[in-house]
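Trainee: missing the sequence, but the structure's below:
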């Protein structure tokens with residue numbers, strides 16, 4: 001499912017994971033978001049975020065292309 005969201009074949013995502021190019025973060029909701037989790041997976045310039053509801057279903061989700069940082073100039 002995640003490879004599909006990124007627009008890649010499953011093997012491409014697996015290869016990137018194996019090479020250490022995939023980072024993820026899980027955040028637990030607090031207050032009115034208690035019982036929910038926010039999942040973030042970043043690979044290259046793409047980031048997938050999803051809210052997982054208390055019953056385990058994936059609620060809202062989005063994929064973003066993150067612009068590259070401008071090159072640093074030596075000063």
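Mentor: It's in. If you're wondering where the values come from, they're calculated on a predicted model, not measured in any experiment.

Trainee: alpha carbons only for contacts and neighbour counts from here, please
Mentor: Will do.

Trainee: where does the protein have low pLDDT?
Mentor: 69, 71, 74-75 (pLDDT under 70).

Trainee: Longest helix in it, please.
Mentor: Criterion DSSP state H: the longest helix present in the chain is helix 10-18.

Trainee: hmm, who's touching that helix?
Mentor: Residues outside helix 10-18 that contact it (C-alpha atoms under 8 Å, 6 or more residues apart in numbering) are 3-4, 22, 43.

Trainee: Quick check: the farthest pair among those residues?
Mentor: 4 and 22 (14.9 Å; C-alpha to C-alpha).

Trainee: Next, the buried residues of the longest helix of the chain.
Mentor: Neighbour counts over helix 10-18 (16 or more other C-alpha atoms under 10 Å) mark residue 13 as buried.

Trainee: swap in stretch 43-57?
Mentor: Neighbour-count burial for stretch 43-57, counted by 16+ other C-alpha under 10 Å, picks out 43, 47-53.

Trainee: so what strands line up beside the helix or strand that comes right after the longest helix of the chain?
Mentor: Sequence-wise, the next helix or strand downstream of helix 10-18 (DSSP states H and E) is strand 22-28. Here strand 22-28 is paired, per DSSP bridges, with strand 37-43 (antiparallel).

Trainee: which other residues reach the next helix or strand after the strand it pairs with?
Mentor: Next helix or strand after strand 37-43 toward the C-terminus (DSSP H and E): strand 46-52. With contacts defined as C-alpha under 8 Å, 6+ apart, strand 46-52 is touched by 5-6, 36-42, 58-66.

Trainee: Measure how the helix or strand just after strand 46-52 sits relative to strand 46-52, angle-wise.
Mentor: Per DSSP H and E, the first helix or strand lying C-terminal to strand 46-52 is strand 58-65. For strand 58-65 against strand 46-52, the angle by axes from the mean of the first three to the mean of the last three C-alpha atoms, to 10 degrees is 170 degrees.

Trainee: I'd like to check what contacts strand 58-65. Which residues are they?
Mentor: The contact list for strand 58-65 (C-alpha under 8 Å, 6+ apart) reads 5-6, 45-53.

Trainee: please redo it, this time with the cut-off set to 7 Å
Mentor: 5, 45-53 (C-alpha atoms under 7 Å, 6 or more residues apart in numbering).
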